[in-house]
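Asks: Can you look at this prediction? I've put the sequence above it.
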Amino acid sequence: MSVKQVRYYLFLKDTIMLSLTAFGGPQAFLAMLLERMVKRRAYILEDELWELNALCNMLPGPASTQLVCAIAYRVGGPNLAYLALIVWILPATLLMIFAALLIHFLQENTPGALNFARFIQPMAIGFIIFAAQKIIGKTIKTTEAMVLVLISAFVSFFYSSPYIFPVLLTIGGLSTSIKYKQQPKLKKDAPLKIEWANFYLWAGVLIMAAVLGAITKYQPIILFENFYRNGSLIFGGGQVLVPYLYTEFVDFKHFLSSEEFLTGYAISQGIPGPTFSISSYVGALSMKEFGTTGFFIGGFIAAAGIFLPGIFLIFFVIRFWDQLKKYRPVRAALEGINAVSCGMLIAAAYLLFEPLEANGLNILFILTTYMLLQFTKISSPIIIAGGVILGIVYNNFFL
């Protein structure tokens, strides 16, 4: 085995270790990535890590997954990057498919079995409120951005359609890109040179999936198109994905109940790996009428659909990123895109609360979850496990 092959093997081994141990969200993931990929293995320099992280956060799609694949791309090109993608997402994907199977089995065979999740459903809303507060605090710096947050929240709440989200994101980006003169000028060393192959691949798959879905009406193809479209539009991480999935698969298509969705979202907060793994849970339950095989087909289709667009786009942009980031309108547009994403999160928190009974116990668990995340260092899996235990105790002794 050559030195290069050994290095590739070590990279994949490090990636799977991260996929099994990366609890705690993006901040904890970045710390682990810095320790393992930079300081211990020196796959890239620390400055390169932060630059790639900034680039991934500026693109639609799952930022943590894009970052892993971007590092793999730098280390061993596209082949290693695609292998790293599989290694990184597979454990979480399988866990969420099995979670969907378990939830469905309990619902079908044990009436009231989901009472164990009665508290983790309001707790899921606490997670979303915490995520919204963190993202707003980090990205919203101007009055114009706050106005966009409020408008986006208002529109997302009253016009709950998956097709309004790309319109809002586009309007948000355009509305702040006109302020590009406020951005500092950066020296351009050479004309922008773009290699379009991966962009054509991304757009081609999107169009082909939409056309085939419309012609065949075959649910697996339609499901792939749904997730691929969502994966092409999400800015801001897994929390921002929640309103998209809830609107499309609960409100719009009724593939899942609100109870099922909230239970799955809470479970996804307690497992390692990418937060976009909630998609595999939604995809699995969307194919439940096809039996056990349908769960696995739906889960893997959802994973492919949600992760591939971001990977195609990072491979497209990484080749000319050093030149693109010097253009002021590009940097200015991000303010509006981030603001609209924050507004969607606020709307999502309220829309997810609506189906729950508005009693003191649910509100208490929402607030307690937020307080634990905000003011303690207790990890998400422990918080979720505590909610499950309290749900079991409440179900057995107080009902």
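Replies: The structure has been received and is ready for your questions. Numbers count the residues shown, from 1 in each chain.
Asks: Distance of residue 33 relative to residue 308?
Replies: 22 Å (C-beta to C-beta, to the nearest Å). Just so you know, the C-beta spots here come from the backbone N, C-alpha and C atoms, and that holds for glycine as well.
Asks: Settle it for me: which of those two has more neighbours?
Replies: Remark: of residue 33 and residue 308, residue 33 carries more neighbours, 25 against 22, as counted by other C-beta atoms under 10 Å.
Asks: Can you give me the pLDDT of the more buried one?
Replies: If you check residue 33, the pLDDT there is 80.
Asks: So it is in contact with residue 49, correct?
Replies: Yes - contact criterion C-beta atoms under 8 Å: residue 33 and residue 49 qualify, at 6.8 Å.
Asks: roughly how far out does the helix or strand hosting residue 303 sit from the chain middle?
Replies: Using DSSP states H and E, residue 303 maps to helix 291-317. Taking the mean of its C-alpha atoms, helix 291-317 sits 12 Å from the chain's own mean (C-alpha atoms, centre = their mean, to the nearest Å).
Asks: Which strands or helices does that helix pack on?
Replies: helix 46-58, helix 63-109, helix 197-216, helix 219-231, helix 278-286 (3 or more C-beta pairs under 8 Å, 6 or more residues apart in numbering; DSSP states H and E).
Asks: give the contact list for the nearest residue to residue 150 once chain neighbours are set aside.
Replies: Once flanking residues are discounted, residue 150 sits nearest to residue 343: 6.6 Å by C-beta to C-beta, 6 or more residues apart in numbering. Residues in contact with residue 343 (C-beta atoms under 8 Å, 6 or more residues apart in numbering) are 148-156, 168.
Asks: and the helix or strand where residue 18 lies, how far from the chain's centre?
Replies: Element membership for residue 18, per DSSP H and E: helix 3-21. When distances are taken as C-alpha atoms, centre = their mean, helix 3-21 is centred 23 Å away from the chain's centroid.
Asks: Report the buried residues of it.
Replies: Neighbour-count burial for helix 3-21 flags 8, 11-12, 14-15, 18-19 (criterion: 16 or more other C-beta atoms under 10 Å).
Asks: any chance of the helices and strands packed on helix 291-317 in CSV, plus distance to residue 164 and mean pLDDT?
Replies: Below are the helices and strands packed on helix 291-317 laid out as CSV (distance: least, C-beta to C-beta, whole Å; pLDDT from 0 to 100):
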stretch, distance to residue 164, mean pLDDT
helix 46-58, 22, 73
helix 63-109, 23, 89
helix 197-216, 18, 92
helix 219-231, 13, 92
helix 278-286, 19, 94
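Asks: Mean neighbour count added to those helices, as TSV?
Replies: Formatted as TSV, those follow (neighbours: other C-beta atoms under 10 Å):
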stretch	mean neighbour count
helix 46-58	17
helix 63-109	20
helix 197-216	15
helix 219-231	24
helix 278-286	31
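Asks: Let me know which of those helices is the nearest to residue 314.
Replies: Among the helices and strands packed on helix 291-317, the nearest to residue 314 by C-beta to C-beta is helix 63-109 (4.4 Å).
Asks: how about the following helix or strand past that closest one: buried residues?
Replies: Later in the chain than helix 63-109, the nearest helix or strand by DSSP H and E is helix 120-139. For helix 120-139, burial by neighbour count (16+ other C-beta under 10 Å) applies to 120-136, 139.
Asks: got it, and stretch 140-151?
Replies: 140, 145, 148-149, 151.
Asks: what comes up buried for the helix or strand encompassing residue 171?
Replies: Using DSSP H and E, residue 171 sits in helix 164-177. The neighbour-count check on helix 164-177 (16+ other C-beta under 10 Å) flags 164-165, 168-169, 171-173, 175-177 as buried.
Asks: Report how many residues lie close to the nearest residue to residue 313 once chain neighbours are set aside.
Replies: Once flanking residues are discounted, residue 313 sits nearest to residue 59: 5.3 Å by C-beta to C-beta, 6+ apart. Residues lying near residue 59 (other C-beta under 10 Å) number 20.
Asks: Thought residue 310 was touching residue 59, still the case?
Replies: Yes - using C-beta under 8 Å, residue 59 is in contact with residue 310, at 6.6 Å.
Asks: on that earlier part again, who touches the helix holding residue 171?
Replies: Outside helix 164-177, the residues touching it (C-beta under 8 Å, 6+ apart) are 144-145, 148, 152, 155-156, 233, 235, 243-244, 247, 329-330, 332-337, 339-341, 343-344.
Asks: Now do it: distance to the chain's middle.
Replies: For helix 164-177, the distance to the chain centre is 19 Å (C-alpha atoms, centre = their mean).
Asks: And the pLDDT at the residue nearest to residue 150?
Replies: For residue 343, pLDDT reads 81.
Asks: That's all I had, so thanks and see you.
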